[in-house]
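Colleague: structure of the sequence below:
(2 chains)
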Amino acid sequence: MAMRNATQQVVRALEPSLTRSLHASPGSKKIVGVFYKGGEYAGQNPNFVGCVENALGIRSWLESQGHQYIVTDDKDGPNCELEKHIADAHVLITTPFHPAYVSADRIRRGKNLELLLTAGIGSDHIELPAAAAAGLTVAEVTGSNTVSVAEDQLMRILVLMRNFLPGHHQAISGEWDLAGIAHRAYDLEGKTVGTVGAGRIGKLLLQRLKPFGCNLLYHDRLRVDAALEEELGAAFEEDLDAMLPKCDVVVLNMPLTEKTKGMFNKEKIAKMKKGVIIVNNARGAIMDTQAVADACKSGHIAGYGGDVWYPQPAPKEHPWRYMPNNAMTPHISGTTIDGQLRYAAGVKDMLERYFKGQDFPEPNYIVKEGKLASQYK
Amino acid sequence: MHVLITTPFHPAYVTAERIKKAKNLELLLTAGIGSDHIDLPAAAAAGLTVAEVTGSNTVSVAEDELMRILILLRNFLPGYQQVVKGEWNVAGIAHRAYDLEGKTVGTVGAGRIGRLLLQRLKPFNCNLLYHDRLQINPELEKEIGAKFEEDLDAMLPKCDVIVINTPLTEKTRGMFNKEKIAKMKKGVIIVNNARGAIMDTQAVADACSSGHIAGYGGDVWFPQPAPKDHPWRYMPNHAMTPHISGTTIDAQLRYAAGVKDMLDRYFKGEDFPAENYIVKEGELASQYK
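Modeller: You can find the predicted model right below:
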């Protein structure tokens, strides 16, 4: 009896929030999307759906149902286009490649907000506890980028290990100096590669690494099941600090959370082998920015590559642009044309379910009914 | 001199003229793989032995080919250029960046390197095709998951990616000319770590400029070293480097050990491993006939 009363009290306290999150209120919705601008490239490829101009390819679908769809790339500062529409938006679609930072303050001012959708994967640009407290649903298109990112990581491992970029620079500069490249170029075969995190992307990376004949290690909160571990040919490393010094290559494959923010600082990097290669397509803020730049300069890190920075877009003077032996790009690995088509389809599917009051695929939820997904707890 | 050791990465062109002048010459060793920088018929006629360190670079080159496929398909280089120039324009890269998954990849030649490449491609879930003089045995073919294409001209239009894995011989010199390239899909990606002279230099540059080739990458040129004004340095959408794929530290250690082993056997009058011979007792190895 006491339990039931206690439960009823909790439910009554949560009621306004629960009502806000579970079902779309009827009628036409205001949907706001923040994506990167396509510019001169927008019209060149009809499959280039990830840009503002092509708006995930769902404009006519939304508007024919009577919904309002506002799309912009202008997301920063108090006078930006996004700010103008926060007050009455029902749904906000954001994307990690050009992330709109959805702060507690913005959430507070979004009085009609019900749903935050991430077109892609990684919702750390949203203040998740604030979203949970406000009764919002947060979901992403789980699985939409996994293959893309795994391919991209393997590419960067090879680019750094094989010392490709100095060679390319020579080619375009009219030069030819083999020694300048070959003295520090290695095969991947036989090297020890450790992935920090063996979730979806980490596992796909290990699968792609297998035929290269490396020594594969992985660290994760959870151990992969025995049959899959054997198939992947990777050894579980329970203690991260014990794994790091063994690795010629370290790949980051965990989400950015309170626990992982700044985790790879000067001390952590010092535990790695001198001459280590690091690939990070996870989140820039997992690393200590200056510690990475210093270690590249000293040579403790022989090569650092990835497509993630903090903040994004990376400012012109971000040190990772200018440190030696980097293989950085803007945030692109999950937004190939193939990736865009997948996450656009996933967003459309979730909007459809939202309009009908249906649940999303379970793995997509980041915040549901006031609770954070396990990787963010 | 009795023995001349050369290397494809900085090739000494051993012409008929040079062979004629070298009265004591007995043995030509290639520190690496590929002996097309030697006039092989002239070497055979002069009774020289020519040998290379077969197998010394196979893994190196296969890894390097896969790297260049990814670099071109995923449009990596424009992204890197943006970074070092202080820019940030995701659209400038993403509008023509693709995953490798699901694409059709064809290797022209499925010898040692071609097979190692196909093995490394397997987990990427591509549609894998190969063309060769010889079909791979059915068991290995099934394990690799690649389909045999007897007719090269029938294979070319199917491919999103083409990788060249044949030696440079009289038959293959200039083989990929304007007509051959035109048979490929518009937007094809080509990776060539085999030999530059297999391609028609200007035809490749023109097709990159027109966009018929969406990306061309490799570490081989003709001649080498490539002159400052070689068109492949300046054509759009390339992923070229000097000739480095088979001369990583790991490969150098392998081919150095292989040269030492053959010198040891030569001093003792012993045969080399059979697969190392390129010219033996006046006969050319089969791939050069």
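Colleague: what about the helices in the stretch 101-250 of chain B?
Modeller: Along the stretch 101-250 of chain B, the stretches classed as helices by DSSP state H, counting those that start in this stretch are B:112-121, B:138-144, B:152-155, B:178-182, B:201-210, B:249-268.
Colleague: name the residues of the longest one that are buried.
Modeller: Neighbour-count burial for helix B:249-268, with 16 or more other CB atoms under 10 Å in any protein chain shown as criterion, is recorded at B:250-252, B:254-255, B:258-259, B:262, B:266. For the C-beta atoms, the positions are set from N, CA and C on the backbone; glycine is no exception.
Colleague: what's that helix in contact with?
Modeller: A:182-187, A:189-190, B:3, B:5, B:7, B:26-27, B:29, B:31-32, B:51, B:53, B:55-57, B:60, B:246, B:271-272, B:276 (CB atoms under 8 Å, 6 or more residues apart in numbering or on different chains).
Colleague: also the third one?
Modeller: Outside helix B:152-155, the residues that touch it by CB under 8 Å, 6+ apart are B:106, B:108, B:129, B:131, B:149, B:183.
Colleague: tell me how many other residues crowd the second one.
Modeller: The number of residues packed near B:V108 is 27, by other CB atoms under 10 Å in any protein chain shown.
Colleague: wait, isn't it in contact with B:L117?
Modeller: No. B:V108 is beyond contact range of B:L117, at 11.2 Å (criterion: CB atoms under 8 Å).
Colleague: joint contacts of these two?
Modeller: B:163, B:165.
Colleague: please parse chain A into its domains.
Modeller: Following the TED database, one gets these domains for chain A: A:30-142+A:336-372, A:145-328.
Colleague: three-state assignment of the most centrally placed residue in chain A?
Modeller: Ranked by distance to the mean C-alpha position of chain A (CA atoms, centre = their mean), the top residue is A:G122 at 4.0 Å. Using DSSP: H, G, I helix; E, B strand; the rest coil, the structure places A:G122 in coil.
Colleague: show me what contacts it?
Modeller: A:G122 sits next to A:96, A:140, A:255-256, A:283 when contact means CB under 8 Å, 6+ apart.
Colleague: residue in the stretch 101-250 of chain A with the shortest distance to chain B?
Modeller: For the stretch 101-250 of chain A and chain B, the shortest gap (CB to the nearest CB) falls at A:G167, measuring 3.0 Å.
Colleague: what's the neighbour count on that residue?
Modeller: A:G167 is flanked by 25 other residues according to other CB under 10 Å.
Colleague: B:G217 is in contact with that one, correct?
Modeller: No. Using CB under 8 Å, A:G167 makes no contact with B:G217, being 10.9 Å away.
Colleague: tell me which stretches of chain A form helices.
Modeller: For chain A, helices defined by DSSP state H occupy the ranges A:2-22, A:59-64, A:81-86, A:104-109, A:128-133, A:146-161, A:164-172, A:179-182, A:200-209, A:226-232, A:240-243, A:266-270, A:289-298, A:337-356.
Colleague: could you identify which of these is most buried?
Modeller: Most buried of the helices of chain A, by mean neighbour count (mean count of other CB atoms under 10 Å in any protein chain shown): helix A:146-161, with a mean of 26.
Colleague: could you check how far it is from the centre of its chain?
Modeller: Taking CA atoms, centre = their mean, to the nearest Å, one finds helix A:146-161 lying 15 Å from the centre of the chain it belongs to.
Colleague: likewise stretch A:176-195?
Modeller: Centroid separation between stretch A:176-195 and its chain, computed with CA atoms, centre = their mean, is 28 Å.
Colleague: sorry, back to before: report the spatially closest residue to the residue of the stretch 101-250 of chain A closest to chain B, excluding sequence-adjacent ones.
Modeller: Excluding its sequence neighbours, the residue lying closest to A:G167 (CB to CB, 6 or more residues apart in numbering or on different chains) is B:T241, at 3.0 Å.
Colleague: now for that neighbour: which residues touch it?
Modeller: Taking CB under 8 Å, 6+ apart, we find B:T241 in contact with A:164, A:167-168, A:170-171, A:181, B:219.
Colleague: so which bits of stretch B:89-109 are buried?
Modeller: Neighbour counts over stretch B:89-109 (16+ other CB under 10 Å) mark B:89-101, B:103-109 as buried.
Colleague: near chain A, from those?
Modeller: When contact is defined as CB under 8 Å from any CB of the partner chain, those meet chain A at B:89-101.
Colleague: need the residues you listed in CSV with distance to B:E170, pLDDT and secondary structure, can you?
Modeller: Listed next are those as CSV, based on distance: CB to CB, whole Å; pLDDT from 0 to 100; DSSP: H, G, I helix; E, B strand; the rest coil:
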residue, distance to B:E170, pLDDT, secondary structure
B:N89, 47, 96, coil
B:V90, 48, 95, helix
B:A91, 47, 96, helix
B:G92, 44, 96, helix
B:I93, 42, 97, helix
B:A94, 44, 96, helix
B:H95, 43, 97, coil
B:R96, 38, 97, coil
B:A97, 39, 98, coil
B:Y98, 37, 98, coil
B:D99, 39, 98, coil
B:L100, 34, 98, coil
B:E101, 38, 98, coil
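Colleague: tell me the centre residue of chain B?
Modeller: Geometric centre of chain B, nearest residue: B:A194, 1.4 Å, by CA atoms, centre = their mean.
Colleague: now it. Nearest residue, chain neighbours left out?
Modeller: In space, and not counting its chain neighbours, B:A194 is closest to B:I164: 4.4 Å by CB to CB, 6+ apart.
Colleague: same deal with B:K122?
Modeller: Closest to B:K122 by CB to CB, 6+ apart is B:G145, at 5.6 Å.
Colleague: what's the neighbour count on that neighbour?
Modeller: Residues contacting B:G145 under the criterion other CB under 10 Å number 14.
Colleague: surely it meets B:L128?
Modeller: Yes. Under the criterion of CB under 8 Å, B:G145 makes contact with B:L128 at 5.9 Å.
Colleague: which neighbours do those two share?
Modeller: Both B:G145 and B:L128 are contacted by B:118, B:122, under the criterion CB under 8 Å, 6+ apart.
Colleague: all strands of the stretch 251-377 of chain A, in order?
Modeller: A:276-280, A:301-306, A:326-328, A:365-368, A:371-372 (DSSP state E, counting those that start in this stretch).
Colleague: so which elements touch the fourth one?
Modeller: Packed against strand A:365-368, as judged by 3 or more CB pairs under 8 Å, 6 or more residues apart in numbering or on different chains; DSSP states H and E, are the following elements: helix A:128-133, strand A:137-140.
Colleague: okay if I get these as TSV plus mean pLDDT and distance to chain B?
Modeller: Listed next are the helices and strands packed on strand A:365-368 as TSV, based on pLDDT from 0 to 100; distance: least, CB to the nearest CB, whole Å:
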stretch	mean pLDDT	distance to chain B
helix A:128-133	96	24
strand A:137-140	98	18
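Colleague: between these, which one is nearest to B:C208?
Modeller: Closest approach to B:C208 among the helices and strands packed on strand A:365-368 (CB to CB): strand A:137-140, 37.9 Å.
Colleague: other SSEs contacting that closest one?
Modeller: strand A:115-118, strand A:365-368.
Colleague: could you dump those to CSV with distance to B:K171?
Modeller: CSV is the format used below for those (distance: least, CB to CB, whole Å):
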stretch, distance to B:K171
strand A:115-118, 55
strand A:365-368, 59
